[in-house]
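Engineer: Sequence and predicted structure, then a few things I'm wondering about:
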Amino acid sequence: MDELALSFAQEALKRAFNDWEKIIRRKENALIVYPPRMDRHYQVPRFIHIYHAQYSLIQVNLESTRIEDGVEWNEWVAKNGYLNKNHNCVFLILDAECLFSERRHLLGSFVEFYHKYHTPFLLFSEKYPYTAIPAAFMQNLFWYPLYQKSDIFSFVSYLEKKFGVKLTSDIKQKIWQECGGLPWFVKQVVRFIAAKREGDPFDHEELWWKVKEFFYSFDPLEQKILEEVAVGKQVNASPQLTCLQKTAVVDSRGEITLSLVSKYLKKITGSRTQLHFEENQIFLADLGIDFYFTKGEKQVLKLLITQKPMLTTRTQIAEALWNHTNEDYTDWALDQAIKRLRSKLVRLGLTANYIKTAKGKGYYVAC
């Protein structure tokens, strides 16, 4: 079974699984909210393993299935014969955060489906829906917080065995102090130590990349609160602060529980950075981010940045993306490629209109 379920937090998982099973038994729905980069992709398969004999538990990743509307949802369910298996069919939506943004229209279809077939939905999300969603999906709300110290120490012990390394008690304490209750950070630190690399295991590019990725996975208003907390500002009560506290990202004293995140925010607050190229590598501030983009996306960014504020034509962008020398690409494909690139830039903390559109002509980056 998966490493996290086997290595720690057995009691916490047991309590959570019992709660989920009770909801399913009552044929109700639930929203389970996690901090970013937690282990729902490990927990859900473990839950299925335990309860598969009692229920038909169907794991759904909306991004990979590319379900865009209610018609496609019904077709997908029918194609896979899920309603024919038994009356205990349950849908576990692994990436429910997309239902609160670009695929919000699917929620209405899910409600209709739920009322028609009485099939429960468990929505697992890294984002809390601050705007109203159908009441059917707020029947039960659970917050899944960052792990506690004892859980992280158990995970470190597991990683020692996995990577064949022995850590001192001082290092273990520092792992907790710096990484807090997020296994994603912990694993990166232990991997660095096990590889016997030169440098500080708590201060290297791969780790700071994960810290940045973690921070920019939050809602923009949550990001603002975290920035203010990091520099010691007083933060007023708000739904966003409540969410950060419920998931144990911010403690009862109003402090961030992950030291690495605090250090990162103190460094960047007040100085938003821009993309730049050095020796054919793309950087955001001093962080190398080449691996975040495909080869074609990197070429597009290089064109846009080196030519700013001049226009980069659609033909130039197509050539960069697909190595085309003629016009055998579709407008739709090019527009979708730019949409995906913009989404990645937003996750890096840049604005959605960092790449601006000159309708029918191309795109550009303003100075």
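Structural biologist: Received it, and whenever you're ready, just let me know what you need. Residues are numbered from 1 along each chain as shown.

Engineer: Make sure L167 is indeed in a strand.
Structural biologist: No - with DSSP: H, G, I helix; E, B strand; the rest coil as the criterion, L167 is located in coil rather than a strand.

Engineer: residue contacts, it?
Structural biologist: L167 makes contact with 156, 160, 175, 190, 193, according to CB atoms under 8 Å, 6 or more residues apart in numbering. For the C-beta atoms, the positions are set from N, CA and C on the backbone; glycine is no exception.

Engineer: Next step: those restricted to strands.
Structural biologist: Per DSSP state E, strands hold no members of those.

Engineer: so can I have TSV of the residues you listed showing distance to A320, neighbour count and pLDDT?
Structural biologist: Putting the contacts of L167 into TSV (distance: CB to CB, whole Å; neighbours: other CB atoms under 10 Å; pLDDT from 0 to 100) gives the following:
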residue	distance to A320	neighbour count	pLDDT
V156	44	22	94
E160	45	16	94
I175	42	23	97
V190	39	24	97
I193	40	18	96
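
Engineer: I'd say E206 and F192 touch.
Structural biologist: Yes - counting by CB atoms under 8 Å, F192 is a contact partner of E206 at 7.4 Å.

Engineer: which residues of the stretch 251-367 of the chain score low on pLDDT?
Structural biologist: 269-274, 285-286, 324-328, 367 (pLDDT under 70).

Engineer: and with 90 instead?
Structural biologist: 253, 266-299, 301-310, 315-316, 318-333, 335, 343-354, 359-360, 365-367 (pLDDT under 90).

Engineer: where along it do the helices fall?
Structural biologist: 259-268, 295-307, 314-322, 331-347 (DSSP state H, counting those that start in this stretch).

Engineer: Would you mind listing the buried residues in the shortest one?
Structural biologist: In terms of neighbour count (16 or more other CB atoms under 10 Å), helix 314-322 has its buried residues at 314, 316-321.

Engineer: just the last one next, same as before
Structural biologist: The neighbour-count criterion (16+ other CB under 10 Å) identifies 334, 337-338, 341-342, 345 as the buried residues of helix 331-347.

Engineer: picking up where we left off before, turn the buried residues of helix 314-322 into CSV, including distance to Y55.
Structural biologist: CSV is the format used below for the buried residues of helix 314-322 (distance: CB to CB, whole Å):
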residue, distance to Y55
R314, 50
Q316, 53
I317, 48
A318, 48
E319, 51
A320, 48
L321, 44
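
Engineer: coming back round to it: redo the contacts of L167 as a markdown table? Include distance to Q245.
Structural biologist: Output for the contacts of L167, formatted as a markdown table (distance: CB to CB, whole Å):
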| residue | distance to Q245 |
| --- | --- |
| V156 | 25 |
| E160 | 32 |
| I175 | 23 |
| V190 | 28 |
| I193 | 32 |
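
Engineer: if you count what's nearby, which of E206 and F192 comes out ahead?
Structural biologist: Using other CB atoms under 10 Å as the criterion, E206 and F192 rank with F192 on top: 19 against 13.

Engineer: how does the protein divide up, domain by domain?
Structural biologist: Domains of the chain are assigned by automatic domain parsing as 3-143, 149-268, 275-364.

Engineer: tally of neighbours for A53?
Structural biologist: Counted with other CB under 10 Å, A53 comes out at 6.

Engineer: Can you list phi and psi of it for me?
Structural biologist: Main-chain dihedrals, A53, degrees, to the nearest 10: phi -70, psi -20.
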